[in-house]
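[1] the sequence and its predicted three-dimensional model are supplied below.
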Amino acid sequence: MLESPNPDATFDAANTDDLARMVMALMQEVWVMRDRMFITEKLLETKTGITPDQIDDFVLDPEMAEELMKMRDNYAAKVLGAPVAGKERSVAAILERAGLAGAAKE
């Protein structure tokens with residue numbers, strides 16, 4: 001644990017931006033895996049064998065795209081919920097500050 005003037009703080013102000021960048025990078029990587037797993041599961045509902053190219057080339061229908069976006073939003077809210085809880089900040093504001101302003105709508 002880092003020394004901090006605030007005994008309840010885990011990180012000081014100098015580490016907060018680094019920590020936020022790390023969390024955002026990890027969220028992006030995990031989301032790519034979840035996205036691919038979702039597509040893999042959809043393909044396996046109808047096929048017995050699939051290839052990585054089939055996953056890469058798969059086009060979601062509108063219903064599947066909506067389901068995936070709801071999953072993404074729930075995931076982002078769960079991960080980002082800790083710093084947002086009890087403060088007047090939103091997921092969109094955190095993403096904007098991290099340089100990912102359009103990420104919430106993509």
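    Sure thing, it's come through.
[2] so the most centrally placed residue in the chain versus A76, what's the distance?
    Closest residue to the average C-alpha location of the chain: M27 at 3.9 Å, with Cα atoms, centre = their mean. As judged by Cβ to Cβ, to the nearest Å, M27 and A76 stand 7 Å apart. The C-beta positions use only the backbone N, C-alpha and C, and glycine is treated the same way.
[3] mean confidence score for the helix or strand harbouring the residue nearest to the centre of the chain?
    Applying DSSP states H and E as the criterion places M27 in helix 13-46. In this model, helix 13-46 has an average pLDDT of 84.
[4] buried residues in the next helix or strand after that helix?
    Downstream of helix 13-46, the next assigned helix or strand under DSSP H and E is helix 52-57. For helix 52-57, burial by neighbour count (16 or more other Cβ atoms under 10 Å) applies to I55.
[5] next one: L43 from R36, what distance?
    Distance, L43 to R36, using Cβ to Cβ: 10 Å.
[6] between these two, what contacts are shared?
    I55 (Cβ atoms under 8 Å, 6 or more residues apart in numbering).
[7] M71 and M37 touch, don't they?
    No: contact criterion Cβ atoms under 8 Å: M71 and M37 do not qualify, at 10.2 Å.
[8] so which of those two has more stuff around it?
    Shown here are M71 and M37; by other Cβ atoms under 10 Å, M71 has more neighbours (14 against 11).
[9] quick one: what helix or strand has that one in it?
    helix 62-84.
[10] could you do V59 as well?
    Secondary structure from DSSP H and E places V59 outside every helix and strand.
[11] what does the pLDDT read for it?
    Looking at V59, its pLDDT reads 92.
[12] now the phi/psi pair for G49, please.
    phi -140, psi 140 (degrees, to the nearest 10).
[13] buried stuff in the helix holding M71?
    Of the residues in helix 62-84, L68, R72, A76, V79, L80 count as buried by neighbour count, 16+ other Cβ under 10 Å.
[14] what do you get for stretch 15-27?
    The neighbour-count check on stretch 15-27 (16+ other Cβ under 10 Å) flags A20, V23, M24, M27 as buried.
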